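Asks: Mind looking at a prediction? Sequence and model below.
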Amino acid sequence: MRILLIHSYYERFGGGEVYVQSFIRLLQDHGHEIYFFSFSNDKESEEENHLIMRDRFQVKNKNFLSLFFRYFLRFYFDPFVAFKLRQWIRKVKPDIIHIHANDRFGISVLIALINIGIPVIQTVHAYTIVCMSTLSRRPSDKMCNESHGVRCLAFHCLPLGKFFAIIPSYAIKWALTKRIVNKMIVANPQIQKRLNECGYGKTILIEHFVDIPREYLEKIPIEKGFLLCVGRLTWEKGFQYVIRAMVKVKEKAPYTTLHICGNGPYEENLKELVHELSLDDSVFFHGHLDSLNLKEFYKKSNIIIFPSLCLEICGLVNLEALSYGKPLIISNVSGVEELFQGKKVGFFVDPKDCESFSHSILKILLDENLFLEMGRNAYEMYREKFNPDAHYQKIMSLYKELLTQS
């Protein structure tokens, strides 16, 4: 099968890019011809199997007219992007077009796909598809369960000026998406529910996967009291609450250490908090790590903590934790809780509730039998739901269904 994948980001940025690269390998391992269309800040390339276009929106030219023109091209319509993509589709003749993130030049991409006679699928990688703000939380700090649109203004989720700047482009892209995309793949029921509320009913639930299969070993090398957080260091990822919980954890388990892997704009704030709480000898920042180095941290850890305060797609770090047979502590406001129900793989907590947070950590740290039980359950869940083979079978079933209908 010839498959064209479209993704907004060529450079590796986050979980979406990790998933897409794993997905490409998975399809290639099964003998499919893969073509890739993407955007880069500083690279242009057209080869047999990929077309990378440069995103000049990031050019540091503060001239108002230049900025307005680049803004219009990126968020409304760039005829050159649409032309090049349409031309490339004619050249590679894919059987299926599978969109992943469509944040850059999204309208231009969709216009290029109008009336092409090829099934178009999209996998949701960002909750912004159902929320125009960046957090899917109201100013009152409650999770927003409303659909996008005028409610964003009514609940004061966006300033008036920003709302009217965003809404035309957002509405056009959403209308085109509903017209052109034959099926939307979502990784958790929360996003599926929100899409249905937004008027898009052609969704299918297919969980993400990680391609780190291994045999589960009950006595894996761990370091006592080793806690691990992985992700981009921003306020909404909630790492500050894990740091605060460490104060109470160390009262009963003074040997506990917290290891944070990732970088981002909130890093200095987190380091200041660590110093303020006198945790300099217990909380360590390791920056962004490649998969090989991160593997060693997973092996050493007792618990993987996912304290996100915003709506998440699934959090690949959670799936990686399962694949290593590690207990999880997951935020109960991140929208991914339903994915991990059924087996006792960890605890779901309000990350802002320091008492509950620290209690959950200590319960696993101080009970070896519970730790081993959750670890076994975690690996079993990975084998059943989040492994590459299961994901491939579901994707192929969808592809074949759409090809039959076209």
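Replies: That came in fine, so what should we check first? This one's a predicted model, so the numbers in the text were calculated from it and none came from an experiment. Numbering: from 1, shown residues only.

Asks: all helices for the stretch 51-200 of the chain, in order.
Replies: In the stretch 51-200 of the chain, the segments counted as helices under DSSP state H, counting those that start in this stretch are 64-75, 79-92, 106-112, 151-154, 160-180, 189-197.

Asks: So which bits of the first one are buried?
Replies: Meaning helix 64-75. 70, 73-75 (16 or more other Cβ atoms under 10 Å). No exception for glycine: its C-beta is placed from N, CA and C like everyone else's.

Asks: just those now: which is nearest residue 335?
Replies: residue 75 (26.3 Å; Cβ to Cβ).

Asks: which residues touch the closest residue to the closest one other than its chain neighbours?
Replies: Leaving aside its sequence neighbours, residue 75 sits nearest to residue 169 (Cβ to Cβ, 6 or more residues apart in numbering; 4.5 Å). The neighbours of residue 169, taking Cβ atoms under 8 Å, 6 or more residues apart in numbering as the test, are 75-76, 107.

Asks: for these, which one is nearest residue 293?
Replies: When those are compared against residue 293 (criterion: Cβ to Cβ), the nearest one is residue 75, at 36.9 Å.

Asks: Assess the claim that the closest one and residue 107 are in contact.
Replies: Yes. Assessed by Cβ atoms under 8 Å, residue 75 is found in contact with residue 107 at 7.4 Å.

Asks: got the helices of the stretch 51-200 of the chain as JSON lines, with distance to residue 358 and mean pLDDT columns?
Replies: Conversion of these to JSON lines gives the following (distance: least, Cβ to Cβ, whole Å; pLDDT from 0 to 100):
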{"stretch": "helix 64-75", "distance to residue 358": "44", "mean pLDDT": "85"}
{"stretch": "helix 79-92", "distance to residue 358": "50", "mean pLDDT": "96"}
{"stretch": "helix 106-112", "distance to residue 358": "42", "mean pLDDT": "97"}
{"stretch": "helix 151-154", "distance to residue 358": "35", "mean pLDDT": "70"}
{"stretch": "helix 160-180", "distance to residue 358": "38", "mean pLDDT": "86"}
{"stretch": "helix 189-197", "distance to residue 358": "27", "mean pLDDT": "84"}
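
Asks: nearest to residue 257, of those helices?
Replies: Between residue 257 and those, the tightest spacing by Cβ to Cβ is seen for helix 189-197, at 32.6 Å.

Asks: Which strands or helices does the closest one pack on?
Replies: Where contact means 3 or more Cβ pairs under 8 Å, 6 or more residues apart in numbering; DSSP states H and E, helix 189-197 is packed against strand 183-186, strand 203-205.

Asks: What's the mean pLDDT across the shortest one?
Replies: For strand 203-205, the per-residue pLDDT values average out at 94.
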